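Q: Coordinates for the following, if possible.
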Amino acid sequence: MAPRANWKGFLRLSLVTCPVALYPATSESEKISFNQLNRQTGHRIKYLKVDADTGEEVPNEDIVKGYQLEKDQFIEVSKEELEEIALESTRTIEIDEFVDKTDIDPRYLIRPYYIRPDGKVGHDAFAVIRETIREMDKVAIGRVVLTNREHIIALEPMDKGLVGTLLRYPYEVRSEQEYFDEIQDVKVTKDMLDLARHIVNQKAGRFDPEKFEDHYESALIELINQKRAGKTIRPKERPKGENVVDLMDALRKSVGGAAAESKAAKSPAKKAKKAAAGQKEMLMPIAGKKPAKDAAAKRPAAGARRKSA
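A: Numbering: from 1, shown residues only. Okay, here's the model as predicted:
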C-alpha cells in the first residue's frame, strides 16, 4: 500500500500551475525498533504529558505552544495565530530560480520526496515543468511548508516524476572553521600519494546501493534469533586498534590488503541472501520487508525447524 502524501498543493512556474502531492522517498519502517519495558514486570513503558510543577496529567486540548523568553516566562501562541501567518508556500510550491546542481553544498541537503500530479488534471502542466527542468539540466529552487515550517526545496526530474529535496537554511549549517582550524598543515610526499592512489584504484567501483548491507541490522536479527532460541549470549572480542608508527609501511601493507578486499567485494549477492535468510528465521513480521512475507507464507515448515532446534 502506497504511503499517504505528506503535502498536497500546487506547483507553479510563472503562470503554469498544476496540483501535486509530495510523498516520502525514504523510510525507516523496515529497521528493527525496540520498545521500552519495565524490567520488573515486563510491561511497556507509557509516557504521559504532565504539568512540570503539579505533576498532574494534562489533556491534549489544554496544551498550547509557548516560546520561552527566560526561565519560567513564556509567550503563548495559539493555533489560530499561527494560521494567520500562513505563507503562500503552505499551499503552493513557487519555483523562484534555477541553479546548477554543483552549486548546492551537500551540507544543505536534508531529505528527498517524490512529487507527482495529484488527481487526473494538471498532468500536461506537470510534464511541461518537468521537461523544462530536464532540458535545461538545472535544479529548480522553490519553497514549501511542511510540519508548520517553510523549507527551501530543490526539484529535479526523475523518470516521469520529480524528486524534491529539502534544503537547510544558512543559519542551520555550522561553519567548518571551528572544527578545521586546529588541523596541522602536513607535507604529503609524492611517494605517499602514489601509494594512496594505487589503493584507490584497487578499490574503484560504481555506486550500487544494492551491494551495501546494514551490518548492525543483521547483527540485531542474529541477536534476536539467538535469544528466541534460548541461547546464551556471549560477548565477542572486539578488534584492537593499532598505533601507526611508519606511515609509508602502513600504505604499502594497505596496497596488498586493498587487493584482497577487492576480490572479496565481488560476492555481495551471497551476503544479501544471508541477511534475508536470517529475517525469515525470525518468523516475525517486519513492516515493509519482503522476507517477512515469505516467512509468514512458510510458517508451518519454519515452526518445525524451530521445534527440532
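Q: What strand or helix carries E94?
A: Using DSSP states H and E, E94 maps to strand 92-99.
Q: Can you give me the buried ones in stretch 51-68?
A: By 16 or more other CB atoms under 10 Å, stretch 51-68 has no buried positions at all. To be clear about C-beta, it is placed using only N, CA and C from the backbone, and glycine gets the same treatment.
Q: Also stretch 108-127?
A: Neighbour-count burial for stretch 108-127, counted by 16+ other CB under 10 Å, picks out Y108, P112, Y113, Y114, I115, P117, D118, G122, A125, F126.
Q: now stretch 82-95
A: S89, T90, T92, I93, E94, I95.
Q: hmm, back to that, just the C-alphas of the strand holding E94, formatted as PDB.
A: The C-alpha trace of strand 92-99 is given here as PDB (Å, rounded to 0.1, in the frame of the first residue of the first chain):
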ATOM      1  CA  THR A  92       1.900  26.400  -3.400                       C
ATOM      2  CA  ILE A  93       5.500  25.500  -4.400                       C
ATOM      3  CA  GLU A  94       6.600  28.500  -6.300                       C
ATOM      4  CA  ILE A  95       9.700  28.000  -8.400                       C
ATOM      5  CA  ASP A  96      11.900  31.000  -7.700                       C
ATOM      6  CA  GLU A  97      15.000  30.200  -9.700                       C
ATOM      7  CA  PHE A  98      17.100  27.600 -11.500                       C
ATOM      8  CA  VAL A  99      20.700  26.700 -10.400                       C
END
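Q: re the thing from before, narrow the buried residues of stretch 108-127 to those in helices?
A: Judged by DSSP state H, those include A125, F126 as members of helices.
Q: Can you say which helix or strand has F74 in it?
A: strand 73-77.
Q: following that strand, which helix or strand shows up next?
A: That would be, after strand 73-77 and using DSSP H and E, helix 79-84.
Q: And F10, how close does it get to E237?
A: As judged by CB to CB, to the nearest Å, F10 and E237 stand 59 Å apart.
Q: Comparing the two, which shows the higher neighbour count?
A: F10 (16 against 5; other CB atoms under 10 Å).
Q: Check which helix or strand that one maps to.
A: Using DSSP H and E, F10 falls in strand 7-13.
Q: Tell me what angle that strand forms with strand 92-99.
A: 50 degrees (axes from the mean of the first three to the mean of the last three CA atoms, to 10 degrees).
Q: Okay, buried residues for strand 7-13 please.
A: Neighbour-count burial for strand 7-13 flags W7, G9, F10, L11, R12, L13 (criterion: 16+ other CB under 10 Å).
Q: before we move on, what about stretch 23-38?
A: Y23, I32.
Q: what about the strands in the stretch 51-200 of the chain?
A: 65-70, 73-77, 92-99, 109-117, 139-146, 149-158, 161-167 (DSSP state E, counting those that start in this stretch).
Q: what residue ranges in the chain score low on pLDDT?
A: Low-confidence segments of the chain (pLDDT under 70): 1-2, 86, 88-89, 239-245, 258-309.
Q: 80 - rerun?
A: Applying pLDDT under 80 to the chain flags residues 1-3, 83-89, 147-148, 236-248, 251, 256-309.
Q: For E217, give its distance to E28.
A: From E217 across to E28, the span is 11 Å (CB to CB).
Q: counting contacts, what elements does the strand holding F10 pack onto?
A: strand 16-24, strand 92-99, helix 123-136, strand 139-146 (3 or more CB pairs under 8 Å, 6 or more residues apart in numbering; DSSP states H and E).
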